[in-house]
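Chemist: Sharing a model that was predicted from the sequence below.
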Amino acid sequence: MSAPRPTLRFAPSPNGRLHLGHAYSALLNAEIARRMDGRLLLRIEDIDPVRSRPDLVAAIFEDLAWLGLRFPTPARRQSEHLGAHRASLHGLAARGLAYPCFCSRGTIAAAASVTPVPRDPDGSPLYPGTCRALAAESVARIAAGEPHTWRLDMARALAAEPGPHGYLAFAPDGTEHAVAAAPGRWGDAVIGRRDVPTSYHLAVVHDDAAEGVTHVVRGRDLEAATDLHVLLQRHLGLPTPRYHHHDLIRDAAGAKLAKSRGSRSLADLRAAGVTAEAVRASLGFG
Ligand code: GLU
C-alpha cells in the first residue's frame, strides 16, 4: 500500500481574533504542506461552548483568506463531533481507564495552596485522586445530576500500556528524530469537561485521526501535551502522527502573544494599513 498523502492541519480556537502567532503557525503549516506536496486542512476547535463565538469563526476564515491561505471546505468543526468524542470517552471509562470527578477546580487549587503539591507541565496542581475510588457512589451522583468532569486514571493507563512511549518529531527540512514521551507527568488529566464530553486532549487526538492527519505542526506551548496525546492514541487505537513544535512568536518584551495580553490582532494590523505581504514577510514567509 502506498503511503498516505501528507496531511496537515491548522486548528485555531475561535475564542479571540487571530494574532501574529496564529499567522506564523498557519503559514508554516502551509509552507511545510507545500514542500511535502501534502494537503492542509483547517479545523475549528470550538468545543468550549462559552468562549467559542460564531463571529470569531467567521473572523478566522476572513483573516486566513486575507493572509492568502486557502483550505478545503467545509472546515471541520469539533463541536459537530461531540457524539464521537463521547463514544471515545465512554470506551475509556468502560475499560476502567477514566473516572468521573466531582471536585471543582477551586477545591483542587485551594488544597494546593495549603501545601506545595506536584504540578503538571502547564503548572496546574496534579489531581490528588480524591474521586478515583468512588465507583458505585459516583453512579448515583451522576444520576442525581451532579456536575462532573472525567479524568484519565493515569496509573491504570500506564499499567495497561507501560511504554516506552514516544513519537517522531520532524523538522521543516524533513529530517526526523525520536522523542521520548513521559505521559505520567500529566497525572489524572481531564479528558471530559463538565459542559462537553471531551477536553482539548481527547478531541485533538480523536480529530487528528479522523481527518487522517499525518503531520502536526503547532506551537512549542503544546509540546509537553504531546506526551499525553501519545498515550491516549495508544489506548484509543489511533495512529500517532509526526510532530513539529515550532517556536512561539513573541512580543517586543519577549512574552508569548495572546489576546488577553492585548497583542494586536491581524484585524488590528489590517485596519492600521499593514498589508498581508508585510505580515508574511515579517514572519519570514516573504
Ligand atoms: N486549538 C489549539 C489552539 O488554538 C491548537 C491545538 C493544536 O494545534 O493541537 O491553541
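Modeler: In hand now; what should we look at?

Chemist: which SS state does the residue of the stretch 151-286 of the chain found nearest the ligand fall under?
Modeler: For the stretch 151-286 of the chain, the nearest residue to the ligand under the criterion Cβ to the nearest ligand atom is residue 218, separated by 3.6 Å. (C-beta placed from N, C-alpha, C; glycine too.) Here residue 218 is strand, with the state taken from DSSP: H, G, I helix; E, B strand; the rest coil.

Chemist: is it true that residue 180 touches residue 165?
Modeler: Yes: here residue 180 lies in contact with residue 165, judged by Cβ atoms under 8 Å, at a distance of 7.3 Å.

Chemist: between those two, which one's more packed in?
Modeler: Ranked by neighbour count (other Cβ atoms under 10 Å), residue 180 and residue 165 place residue 165 first, with 20 against 10.

Chemist: contacting residues around the more buried one?
Modeler: Applying Cβ atoms under 8 Å, 6 or more residues apart in numbering, we find residue 165 in contact with 180-183, 227, 230-231, 234.

Chemist: Kindly give a single PyMOL line that selects the buried subset of those residues.
Modeler: Applied in PyMOL, the following selects the buried portion of those according to 16 or more other Cβ atoms under 10 Å:
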select buried, resi 181+182+183+227+230+231+234
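
Chemist: Drop everything from the contacts of residue 165 that is not in helices and list the rest.
Modeler: Among the contacts of residue 165, the members falling in helices (DSSP state H) are 227, 230-231, 234.

Chemist: Could you tell me how many residues sit around the closest residue to residue 196 other than its chain neighbours?
Modeler: With Cβ to Cβ, 6 or more residues apart in numbering as the criterion, residue 196 has its nearest non-adjacent residue at 5.2 Å, and that residue is residue 47. For residue 47, the tally of surrounding residues (other Cβ under 10 Å) stands at 25.

Chemist: Would you confirm that residue 47 contacts residue 198?
Modeler: Yes: in terms of Cβ under 8 Å, residue 47 counts as a neighbour of residue 198; the distance is 5.9 Å.

Chemist: okay, and the common contacts of these two?
Modeler: Shared contacts of residue 47 and residue 198, defined by Cβ under 8 Å, 6+ apart, comprise 78, 82, 85.

Chemist: Residue 283: what's it in contact with?
Modeler: Listed by Cβ under 8 Å, 6+ apart, the contact partners of residue 283 are 20, 23-24, 27, 249.

Chemist: what about the residue nearest to residue 196, distance to residue 264?
Modeler: 27 Å (Cβ to Cβ, to the nearest Å).

Chemist: from the middle of its chain, how far away would stretch 118-133 be?
Modeler: From the chain centre to the centre of stretch 118-133 is a distance of 19 Å (Cα atoms, centre = their mean, to the nearest Å).

Chemist: do stretch 265-276 as well
Modeler: Using Cα atoms, centre = their mean, the distance between the centre of stretch 265-276 and that of its chain works out at 27 Å.
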